[in-house]
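Asker: sequence and predicted structure are below.
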Amino acid sequence: MHDGPRRRGALPALTAYLLYAGGSALFFASYGTLANVYRIEVAHLDALQLVLVGTALEAAVFLFEVPTGVLADAVSRRLSVLVGLALTGAGYLLEGALPLFGTILAAQLLWGLGSTFESGAVDAWVTDEIGEQRAAGAFMRAAQVGQVASLLGIGLATLLGRLGLAWPLLAAGLGFVLLTGTLAVAMAETGFRPERRASDGGGEVAAAALGGGFARLRRTLVAGVRVARGRPVVRWILLIALLAGAASEVFDRLWQARLLQHPLRVVDSLGTAGFFGAVAAAAMLLSLIATEVARRRVDAASHAATARTLMVLTAVLSVSVLGFGVAGDGRTALGFYFLAIMIRRVNAPLGRAWLNQSATSQVRATLFSFANQVDALGQIAGGPLLGLLALKAGMPWAFAACAALLVPAVLIYARTLRLAPAADAAG
């Protein structure tokens, strides 16, 4: 933990982490609420192009997740987070400025690359700054802050969307650029020491990124693989990430289309954009309540408590995804959607806390990145196949297949409970 002075103007680590969580959630919600509507109505993408946009994003995550995570472990977690935020902002600005299929694909690649710089680094950074015990609570608190900020982002997107569907995307991109500058001042890095610090002029950082630090990067990567091989819990976590990734892609890409298959008067009165904005806001409010209940009742520092909670929630998630897919009316489908999205948003911070229990400081960012890469691989492999099933057999069959993919994950959680005493003792 804090073994060096903070730079001038830096905030306490937890405060900076919550600023990151709130800011990134605010601007992502501004972007994501109407992004698909923008692609359909302004860029005029067809169904295949919409799928390829998602594939481009996941491919970028898959290709760059481990290299960027290793870079964070070998050079600087703080620098990795800042680079990721800047790339994300650039991607959003590019998409909003040029509504063309090619530029939207390029924007997704930028966003995907940026997310990999952030994903493992930010969780590893805050853990090193405040300690592993406090980090579990910080993950849950950050999820709550993010949910509140997302509500504001949804409102911002709705207001700006009245001026034009590109405006929420452009505002989100500018917001990420401003957040990068703010955190460049607010974030300190006092709890992490790579093998050799960067020189004052930044030459060591550049050397590491361009090839001069490859030896250190390889050693860190090897250490991460060794942890995964030596700890059965980590291997099970990665398998669950693969299954969850494969199951999530169709849900994420097709849930709006599935709801619109049902006649809902509220869609006619609010319009499509207004309806989905209202759905997103309601889902965030429900998720905020569910996350608070989980934060208070689940001991996220205990392997047994965390695994047991994830097992039950994933079982309910499987049922809710199936119910959403086969529901015969819009109200029932909407109810199952809310249940599914609440569980997924509670599962996310609990899953990070679970993986965090099995990581050491030296390879923590790498292991977080491994899990994200495996999740992306599941989406890349499972998404097109389940999308083809939806095209040929209908969306209910695709959602039923998603629900089936989650059943083995429930069984894996149950199996890991046998490792609970050893895992908790090791932690």
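Answerer: Here it is on my side, so go on.

Asker: ok, now which ones touch Val266?
Answerer: Phe275, Ala278 (Cβ atoms under 8 Å, 6 or more residues apart in numbering). The way it works is simple: take the backbone N, C-alpha and C, and place the C-beta from them, glycine included.

Asker: rerun at 7 Å
Answerer: Residues near Val266 by Cβ atoms under 7 Å, 6 or more residues apart in numbering: Phe275.

Asker: quickly find the element holding it.
Answerer: helix 265-297 (DSSP states H and E).

Asker: after that helix, next one along is what?
Answerer: With DSSP H and E setting the assignment, the helix or strand that follows helix 265-297 is helix 303-326.

Asker: any regions of the stretch 151-300 of the chain where pLDDT drops low?
Answerer: Scanning the stretch 151-300 of the chain for pLDDT under 70 picks out 191-228, 230, 268, 300.

Asker: could you pull out the helices for it?
Answerer: 167-186, 203-210, 214-230, 232-260, 265-297 (DSSP state H, counting those that start in this stretch).

Asker: the helix holding Val266: which residues count as buried?
Answerer: For helix 265-297, a neighbour-count test (16 or more other Cβ atoms under 10 Å) marks 267, 273, 275-277, 279-284, 286-288, 290-292, 294-295 as buried.

Asker: what count of nearby residues applies to the closest residue to Ala13 other than its chain neighbours?
Answerer: Sequence neighbours aside, Glu129 is the residue nearest to Ala13 in space, at 3.5 Å (criterion: Cβ to Cβ, 6 or more residues apart in numbering). Counted with other Cβ atoms under 10 Å, the neighbours of Glu129 add up to 26.

Asker: pLDDT value on Glu129, please?
Answerer: Turning to Glu129, the model gives it a pLDDT of 79.

Asker: same check on the one 5 residues further on?
Answerer: You'll see Arg134 listed with a pLDDT of 79.

Asker: what do you get for the one 10 residues further on?
Answerer: Per-residue pLDDT puts Gln144 at 82.

Asker: wait, it sits on Ala290?
Answerer: No: using Cβ atoms under 7 Å, Gln144 makes no contact with Ala290, being 10.2 Å away.

Asker: follow-up on the earlier one: name the helix or strand for the residue nearest to Ala13, please.
Answerer: Assigned by DSSP H and E, Glu129 falls in helix 101-130.

Asker: okay but Ser318 is in contact with Ala403, surely?
Answerer: Yes: using Cβ under 7 Å, Ser318 is in contact with Ala403, at 4.7 Å.

Asker: check the gap between the closest residue to Ala278 other than its chain neighbours and Val279 for me.
Answerer: Closest residue to Ala278 apart from its sequence neighbours, by Cβ to Cβ, 6+ apart: Leu270 at 6.4 Å. Spatial separation of Leu270 from Val279 under the definition Cβ to Cβ, to the nearest Å is 10 Å.

Asker: then Gly102?
Answerer: 31 Å.

Asker: restrict stretch 97-104 to CA atoms and write it as PDB.
Answerer: Extracted C-alpha coordinates of stretch 97-104, given in PDB (Å, rounded to 0.1, in the frame of the first residue of the first chain):
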ATOM      1  CA  ALA A  97     -18.300  12.600 -36.400                       C
ATOM      2  CA  LEU A  98     -18.400  10.200 -39.400                       C
ATOM      3  CA  PRO A  99     -21.500   7.900 -39.700                       C
ATOM      4  CA  LEU A 100     -19.900   5.500 -42.100                       C
ATOM      5  CA  PHE A 101     -19.500   1.700 -41.700                       C
ATOM      6  CA  GLY A 102     -15.700   1.800 -42.100                       C
ATOM      7  CA  THR A 103     -15.200   4.600 -39.600                       C
ATOM      8  CA  ILE A 104     -17.600   3.000 -37.100                       C
END
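
Asker: so what's the gap between that stretch and the chain middle?
Answerer: 24 Å (Cα atoms, centre = their mean, to the nearest Å).

Asker: next one: stretch 142-151
Answerer: 13 Å.

Asker: OK, contacts around Val37?
Answerer: The contact partners of Val37, by Cβ under 7 Å, 6+ apart, come to Leu165, Thr272, Ala273.

Asker: cool, and Trp111?
Answerer: For Trp111, the contact set (Cβ under 7 Å, 6+ apart) comprises Leu57, Thr88, Gly91, Tyr92.

Asker: how long is stretch 162-172 from one end to the other?
Answerer: One end of stretch 162-172 to the other measures 15 Å (Cα to Cα, to the nearest Å).

Asker: quick one: buried residues of that stretch?
Answerer: Result for stretch 162-172 [16+ other Cβ under 10 Å]: buried residues Leu165, Ala166, Trp167, Pro168, Leu169, Leu170, Ala171, Ala172.

Asker: nearest to Gln108, of these?
Answerer: Each of the buried residues of stretch 162-172 was scored against Gln108 by Cβ to Cβ, and Leu169 proved nearest at 12.2 Å.

Asker: which strand or helix spans the residue lying closest to Ala315 once chain neighbours are set aside?
Answerer: Ranked by Cβ to Cβ, 6+ apart and with sequence neighbours excluded, the top spatial neighbour of Ala315 is Val410, at 4.8 Å. Counting by DSSP H and E, the element that carries Val410 is helix 395-416.

Asker: which helices and strands does that helix pack with?
Answerer: helix 232-260, helix 303-326, helix 364-393 (3 or more Cβ pairs under 7 Å, 6 or more residues apart in numbering; DSSP states H and E).

Asker: how far off helix 303-326 does it point, in degrees?
Answerer: Put simply, helix 395-416 runs at 170 degrees to helix 303-326, going by axes from the mean of the first three to the mean of the last three Cα atoms, to 10 degrees.

Asker: now do the contacts for Val177.
Answerer: When contacts are counted by Cβ under 7 Å, 6+ apart, Val177 is found next to Ala86, Gly89.

Asker: quick check: Leu355 vs Asp123, distance?
Answerer: For Leu355, the distance to Asp123 - Cβ to Cβ - is 9 Å.

Asker: adding distance to Gly96, write the helices of the stretch 151-300 of the chain out as JSON lines.
Answerer: What follows is the helices of the stretch 151-300 of the chain, written out as JSON lines (distance: least, Cβ to Cβ, whole Å):
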{"stretch": "helix 167-186", "distance to Gly96": "3"}
{"stretch": "helix 203-210", "distance to Gly96": "28"}
{"stretch": "helix 214-230", "distance to Gly96": "34"}
{"stretch": "helix 232-260", "distance to Gly96": "20"}
{"stretch": "helix 265-297", "distance to Gly96": "16"}
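
Asker: to Ser30, which of those lies closest?
Answerer: Using Cβ to Cβ, the helices of the stretch 151-300 of the chain put helix 167-186 closest to Ser30, at 4.3 Å.

Asker: thanks again, I'm all set now.
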